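Sequence and predicted structure below; questions after.
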Amino acid sequence: MCERNINNKTFTLKEICQYLELDCDNDAEIQGINTLHDANENEISFLENPKYEKFLKNTKAKAVLIRKEDADKLPEGVIPLITDEPYLKLAILTKLFVKDPWEDGGYQIAFSAKVHPSVQIGKGARIGKNSVIMPGCVIGPDVEIGDNCVIYPNVTVYRDTQIGNNVKIHAGSVIGSDGFGYAHTKDGRHIKIYHLGFVEIEDDVEIGANTTIDRGVFGKTVIKKGTIIDNLVQIAHNCEVGEGSILVSQVGLAGSTKLGHHVVMGGQSATAGHLEVAPMTTIAARGGVSKSIKKPGVYSGFPLMPHKQWLKLQGLLNRLLKKS
Amino acid sequence: MCERNINNKTFTLKEICQYLELDCDNDAEIQGINTLHDANENEISFLENPKYEKFLKNTKAKAVLIRKEDADKLPEGVIPLITDEPYLKLAILTKLFVKDPWEDGGYQIAFSAKVHPSVQIGKGARIGKNSVIMPGCVIGPDVEIGDNCVIYPNVTVYRDTQIGNNVKIHAGSVIGSDGFGYAHTKDGRHIKIYHLGFVEIEDDVEIGANTTIDRGVFGKTVIKKGTIIDNLVQIAHNCEVGEGSILVSQVGLAGSTKLGHHVVMGGQSATAGHLEVAPMTTIAARGGVSKSIKKPGVYSGFPLMPHKQWLKLQGLLNRLLKKS
Amino acid sequence: MCERNINNKTFTLKEICQYLELDCDNDAEIQGINTLHDANENEISFLENPKYEKFLKNTKAKAVLIRKEDADKLPEGVIPLITDEPYLKLAILTKLFVKDPWEDGGYQIAFSAKVHPSVQIGKGARIGKNSVIMPGCVIGPDVEIGDNCVIYPNVTVYRDTQIGNNVKIHAGSVIGSDGFGYAHTKDGRHIKIYHLGFVEIEDDVEIGANTTIDRGVFGKTVIKKGTIIDNLVQIAHNCEVGEGSILVSQVGLAGSTKLGHHVVMGGQSATAGHLEVAPMTTIAARGGVSKSIKKPGVYSGFPLMPHKQWLKLQGLLNRLLKKS
């Protein structure tokens, strides 16, 4: 899924288990955390929600945080890390792997780029040819910005963000902030899941002012080529916005939702999390998407329905009101 | 209500009345403005809305801006400041007490804190141990930030804000801006009420990107311990968000609303002002709260109703639509 | 419509046609682009949408991008620039006329103004008497800020913005960003329309935190005298907000909509584009305006209706639900 390994911290399983107060005495090196589906043999994973049990049998993870009763479903060779609260342990573990949000140090700016002297740039960042970075921007460590980009004033780009060519980001927008993910203790405390992933903005994307795009928890949040995003839009962690899509002002996408190519979302419309919206779909202004959309078309309302049906509903309500 | 006296300007009643073009010749020292309920003997208060008349008889205010016909309801010893437009006079008066939003001068940073050199810090601010303040942040005068906090880039913290320990605030958020409060003249002009209060963020709170939290008009806006707030959320003046609450992206709380502990508000949900929401209540995404909620539960829709009822309503509409 | 010519780039028609790969060999000097209705004799215009055909006969434009079949409707002396895709050519042309978003150089600050040393100011900007510009602000080239203004931290004001006297803008707001306007190619690419207009904020306006106001595409976006705007509000390109209006938090106005004087828009309410809302109209919280409002009153709901009717509708639904 995600070609780029941005986490270069490494711990042994033994160290991890000490940190989590779990039992395990194995010297395998672990380089990160990932889902059962996406983990590789140097990563640790977890199972809490039975919905993801189906991914157990093919997981390539080195070790899995798992309840005792599920442990025998693991493939041979995958190490079970037994715990009553796998998701909570996962949240605690993310803190071990997270990198400093800011590091000063050397960075690279193309000779033809114009970076205002007031811009702050983190260690290892790279800025491409002819790109313009305007006053007050903060470009985090290891961020890559391609050629011919324009970053307007006071934009914040968190560490590890990948930005392609010909990208424009308007003032005040925030790219790569932590997603809104927490595990919850039995006594009602919220344990932060540090977001170890990143944001990727492909070529030819334009992003409006004061918009926020959160980084992936593991893996990435992706805005695909040629998509245009208006002001004050919220895009949560691990979303994927398809090529050439249009998100109008004040739209909100909840976590892990995938929009196909050329999806249009009208002003103040929104989606729930973990959904898929078919390519070429249009959601009218204020539409609220709470289930995946398989058939392209124009949809309205909340709950969402085909736009024609929504018009009929409004007509019906109008008639009922006149009769009453 | 509010232990901290952040306004250190003092005027005599006589000076105040000259400023307001009112009649009064008393040398009592006045240190601030407050509601009838919360005012102390060094403060001035006001009565315009009959709803608050009940607080007259126990008010400890030194003087009260009040209509002539209400003046005899004041307790003995409280000085009436007679005017036809108490609220308008109040608004005008707030300007007298407001402090400069920015003052340069000395401040304190714990030795172990990491404050980026580009950060601007106002006079009298204090930053605690191990706290990290990232590039581009502006920390106003007399702000207090506790230990182990992380303030991401380009955050603005207005003067007098109090931030506890282990607080995280993501990029671009604004804490302590003036609330949206105005008196209105008969000819339709809006007279600004300068907000003399502050914001208090308790321990273990995390606030997302580009979120806004307004300061109290008098007293404070409070985000209690362990609450988590997503991106692009609006919290108006004098709100109180209870412990361990969860506010998802694009939520809006209008002024003086109090959420109990562990309230959950889904994405784009909102409340009107001056309401109370019972502890452990969940408002589904897009829910609009226009009355206080006394009974915990899951609520949806606008107008708001129990979630089960909302589901029934959608089923009913669906059936009507099919029949039509 | 717009007294101020902020675009000082000049091209000959011949140069423009070479750039657009169109046929034309005329040395007339062109100073800008505008609508058919507003263009002057030094400007170029366009016709794509038949809705605007009525403006053809009185246009003063020097030349018009137009389809072959419409060209004979042009008044005598107006030069047709024949193309199958007038709007797409227009979009491409805007890039030729756009000025650099940032230029360093000399600027003027009144002796009595207080501009924090961390503020970045572009070439040709002017800041009036007693105005205060707080840390982290970025004031673009040729911006004019009047007297007695307060610009809170980390505000971005794009180039050419005009701000009157006694204006307050709270932290993180963005004034003058490009509007969300694109032409679309047949293969689904979005071609940016560079916004050549500006924003005008009249006297006595207050704007909340993290609000966004886009510049006009041609001409201007205007916030009229004495209007107050809350946090996280979106105002799109070419809107006009009438005198003394009130826009509560999270309101969204789509492009080219005009609000009359003293319009009140409740929290999270919104309008579609190209509408007019009558003076003294109130839109309740969450109201969605999709048609022009000619008669002042209080309106609610989406679709919008008179507030009393909306209350009846809710009563009706409630009764239906009880019966079912």
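Nice, thanks for sending it over.

Now for A:Leu96, how many residues are close by?
By the criterion of other Cβ atoms under 10 Å in any protein chain shown, A:Leu96 has 15 neighbours. The way it works is simple: take the backbone N, C-alpha and C, and place the C-beta from them, glycine included.

From A:Glu43, how far out is the spatially closest residue to it that is not a sequence neighbour?
Spatial nearest neighbour of A:Leu96, excluding adjacent residues (Cβ to Cβ, 6 or more residues apart in numbering or on different chains): A:Tyr19 at 5.6 Å. Separation of A:Tyr19 from A:Glu43 (Cβ to Cβ, to the nearest Å): 16 Å.

picking that back up, quick check, the residue nearest to A:Leu96 in contact with A:Phe97.
No. The pair A:Tyr19 / A:Phe97 is not scored as a contact, 10.4 Å apart, by Cβ atoms under 8 Å.

between the two, who's got more neighbours?
For the pair A:Tyr19 and A:Phe97, the greater number of neighbours falls to A:Phe97 (20 against 14), based on other Cβ under 10 Å.

still on that earlier bit, then the residue nearest to A:Leu96 would be within a helix, right?
Yes. Assessed with DSSP: H, G, I helix; E, B strand; the rest coil, A:Tyr19 lies in a helix.

Contacts only, for it.
Residues near A:Tyr19 by Cβ atoms under 8 Å, 6 or more residues apart in numbering or on different chains: A:Phe11, A:Ile92, A:Leu93, A:Leu96.

follow-up on the earlier one: overlap in contacts, A:Tyr19 and A:Phe97.
A:Phe11.

ranges for the helices of the stretch 201-324 of chain A?
A:307-323 (DSSP state H, counting those that start in this stretch).

Compute the first-to-last residue distance for stretch A:107-124.
5 Å (Cα to Cα, to the nearest Å).

from the chain's centre, how far out does it sit?
Chain-centre distance of stretch A:107-124: 26 Å, with Cα atoms, centre = their mean, to the nearest Å.

mind listing what's buried in it?
A:Tyr107, A:Ile109, A:Ala110, A:Ala113, A:Val115, A:His116, A:Ser118, A:Val119, A:Gln120, A:Ile121, A:Gly122, A:Gly124 (16 or more other Cβ atoms under 10 Å in any protein chain shown).

So which of those sit within helices?
When the buried residues of stretch A:107-124 are checked against helices using DSSP state H, none is located there.

Just give me the closest of these to B:Cys137.
Each of the buried residues of stretch A:107-124 was checked against B:Cys137 using Cβ to Cβ; the closest is A:Gln120, at 10.7 Å.

That closest one contacts B:Ser118, correct?
Yes. Using Cβ under 8 Å, A:Gln120 is in contact with B:Ser118, at 5.4 Å.

which residues do these two both contact?
Shared contacts of A:Gln120 and B:Ser118, defined by Cβ under 8 Å, 6+ apart, comprise B:Pro135, B:Gly136.

would CSV of the buried residues of stretch A:107-124 with pLDDT and distance to B:Arg319 be doable?
CSV is the format used below for the buried residues of stretch A:107-124 (pLDDT from 0 to 100; distance: Cβ to Cβ, whole Å):
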residue, pLDDT, distance to B:Arg319
A:Tyr107, 97, 62
A:Ile109, 98, 63
A:Ala110, 98, 63
A:Ala113, 98, 61
A:Val115, 98, 61
A:His116, 98, 61
A:Ser118, 97, 61
A:Val119, 98, 59
A:Gln120, 98, 59
A:Ile121, 98, 60
A:Gly122, 98, 58
A:Gly124, 97, 60
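
nearest to C:Ile246, of the residues you listed?
Proximity of the buried residues of stretch A:107-124 to C:Ile246 (Cβ to Cβ) peaks at A:Ser118, which lies at 35.4 Å.

Now that closest one: closest residue in space that isn't a chain neighbour?
Nearest one to A:Ser118, counting by Cβ to Cβ, 6+ apart, is A:Pro135 at 4.6 Å.

So that neighbour, which state does it fall into?
Put simply, A:Pro135 is coil when judged by three-state DSSP.

Provide a list of residues in contact with it.
Residues in contact with A:Pro135 (Cβ under 8 Å, 6+ apart) are A:His116, A:Ser118, A:Val119, A:Pro153, A:Asn154, C:Trp102, C:Gln120, C:Val138.

And the furthest pair within these?
The span of these, defined through Cβ to Cβ, is set by A:Asn154 and C:Trp102 at 12.3 Å.

Looking at the two, which one has more neighbours?
More neighbours surround A:Asn154 than the other of A:Asn154 and C:Trp102, with 33 against 22 (other Cβ under 10 Å).

any idea which helix or strand carries that one?
Counting by DSSP states H and E, there is no helix or strand that carries A:Asn154.

gap between stretch A:238-255 and the chain center?
11 Å.

how long is that stretch end to end?
Its start and end residues considered, stretch A:238-255 measures 6 Å (Cα to Cα).

Stretch A:106-124 too?
6 Å.

can you check stretch A:125-141 too?
This stretch, stretch A:125-141, spans 5 Å end to end (Cα to Cα).

What residues sit buried inside that stretch?
Of all the residues in stretch A:125-141, those buried under the rule 16+ other Cβ under 10 Å are A:125-128, A:130-141.

what's the answer for stretch A:52-63, then?
Neighbour-count burial for stretch A:52-63 [16+ other Cβ under 10 Å]: A:Phe55, A:Leu56, A:Thr59, A:Lys60, A:Ala61, A:Lys62, A:Ala63.

Pull the residues that contact that stretch.
With contacts defined as Cβ under 8 Å, 6+ apart, stretch A:52-63 is touched by A:13, A:24, A:26, A:28, A:30, A:34-37, A:39-45, A:47, A:64, A:70, A:73-75, A:78-81.

what do you get for stretch A:72-91?
So stretch A:72-91 is in contact with A:13, A:17, A:20, A:22-24, A:26, A:28, A:33, A:44, A:46-49, A:53, A:56-59, A:61-68, A:71, A:182-185, A:191-193, going by Cβ under 8 Å, 6+ apart.

buried subset of those residues?
A:13, A:17, A:20, A:24, A:28, A:33, A:44, A:46-48, A:56, A:59, A:61-66, A:71, A:182-184, A:191-193.

Just those residues: which are in helices?
A:Leu13, A:Cys17, A:Leu20.

Let's see if you can find the most crowded of the contacts of A:Tyr19.
Of the contacts of A:Tyr19, with other Cβ under 10 Å as the count, A:Leu93 tops at 23 neighbours.

For that residue, give me its contacts.
Here A:Leu93 is in contact with A:Ile16, A:Tyr19, A:Leu20, A:Ile33, A:Ile44, A:Leu65 (Cβ under 8 Å, 6+ apart).

partner residues bridging the fifth one?
By that I understand A:Ile44. With DSSP bridges applied, the residues forming beta bridges to A:Ile44 are A:Ile33, A:Ala63.
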